[in-house]
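# Kindly generate the corresponding structure for this input.
(one chain, ligands or ions: 1)
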Amino acid sequence: MKLVDITLNKSIRVFAPATVANVACGFDIMGFAIEHPGDEVVMTLTNRKGVVIDKIIGDEGKLPLDAEKNTVSVVVKYLLEHVNSQFGAKITLYKHMPLGSGLGSSAASAVAGLFAANELLSVYEPEKALKNREALLPFAMEGERLACGSAHADNVAPALMGGFVLVRSYDPLDVIKIPTPEALRVTVIHPHVEVQTRDARSILKKQTPLKDAIIQWGNTAGLVAGLWKCDFDLIGRSMQDVIIEPIRSILIPGFDAVKANAMQAGALGCGISGSGPSIFALSQDQETAEEVGRKMQNAFGALNIDSEVYVSPINRQGPRIVDEGLNHE
Ligand code: HSE
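Next up, the predicted model:
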């Protein structure tokens, strides 16, 4: 006879997408999700309170298995404590994207974990599950605070909600989904150089001259208007960052050449993805986006820097259940 069932019957596997934050002119206030890559979490609720990480696959041993130090376990613990759940959780994390890449790696893991936990709560303690995914956002933001010292939402919000997201305000938190043209494609190139978000934030200036602020907020509003109106030309004109890119681009060898090649290949605009070192470009069709990727890769290749290219539509769904009702040992 089975005396104590330490795990509940139902496990779930959830995918959450990588994200491009800032989108050139919108430092800390704009981001969008892409179809691939992304991270996956397999989670089981346990009768014992607390969160444990069973395994991490694909991180080359770089992430802590200690549940107090790992973003995904910490945010799930916050959620379970917040709703006063009687359960704990056991997590296996599958990292499908490089760490320190500027693709929102910590955000994807945290969002996958929170979404999985809330789905399981809706089965085992339905009265405690949060009613909509936006309610998970503050927990995901705490994961960013743990990962880099700043609770920015421009990766976690699009990873959680899908699509292109504007963070209009942090206090109070106000996030808005912006419609985007169907045909829009993103090319992201990840050079094999590591940049930690914490470091990339620490080099930024604390003050901005008014003349730069005027250019930046004009572009930010222009980008939102261009996306809404499906005006590719306006989208392209607006993808300029006069505040952050001039400082951070020095951390990315070959940035100017890669951007020049992307623009020559027909990209609408090009900039640093999040805190880098990945660089992204938007294009108005798949063929151009692929050509942009080849040309960007050539530029890194000329500097003997290896890279991966991802070409993707905007991911509109955010996290998704890959498998549920998994059997566990
Ligand atoms: N907005 C954040 C930053 C995103 O640029 O520091 C980090 O991925």
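# How about the contacts made by the residue in the stretch 151-300 of the chain positioned nearest to the ligand?
Among residues of the stretch 151-300 of the chain, the one nearest the ligand by C-beta to the nearest ligand atom turns out to be residue 274. It sits 2.8 Å away. Heads up, the C-betas are built off the backbone N, CA and C, glycines and all. Residues in contact with residue 274 (C-beta atoms under 8 Å, 6 or more residues apart in numbering) are 19-22, 31, 102-104, 154-155, 197.
# Is it in a helix, a strand, or coil?
Secondary structure state of residue 274, per DSSP: H, G, I helix; E, B strand; the rest coil, is coil.
# Could you do residue 174 as well?
Under three-state DSSP, residue 174 falls in the strand class.
# roughly how far apart are the nearest residue in space to it that is not next to it in sequence and residue 252?
The spatial neighbour of residue 174 that comes closest, neighbours along the chain excluded (C-beta to C-beta, 6 or more residues apart in numbering), is residue 168 at 4.4 Å. Distance from residue 168 to residue 252, counting by C-beta to C-beta, to the nearest Å: 29 Å.
# ok, residue 126 - how many residues close by?
One way to gauge burial is a neighbour count; for residue 126, by other C-beta atoms under 10 Å, it gives 8.
# Which phi and psi values does it adopt?
phi -60, psi -30 (degrees, to the nearest 10).
# so how far is the ligand from it?
34 Å (C-beta to the nearest ligand atom, to the nearest Å).
# what's the spacing between that residue and residue 23?
Taken as C-beta to C-beta, the spacing of residue 126 relative to residue 23 amounts to 37 Å.
# Also residue 238?
Distance of residue 238 to residue 23, given as C-beta to C-beta: 9 Å.
# The top strand by length along the chain: which residues count as buried?
Secondary structure of the chain read by DSSP state E shows that its longest strand is strand 30-46. Of the residues in strand 30-46, those scored as buried under the neighbour-count criterion (16 or more other C-beta atoms under 10 Å) are 30-35, 37-46.
# Then stretch 111-129?
Under 16+ other C-beta under 10 Å, the buried positions of stretch 111-129 are 111-121, 125, 128-129.
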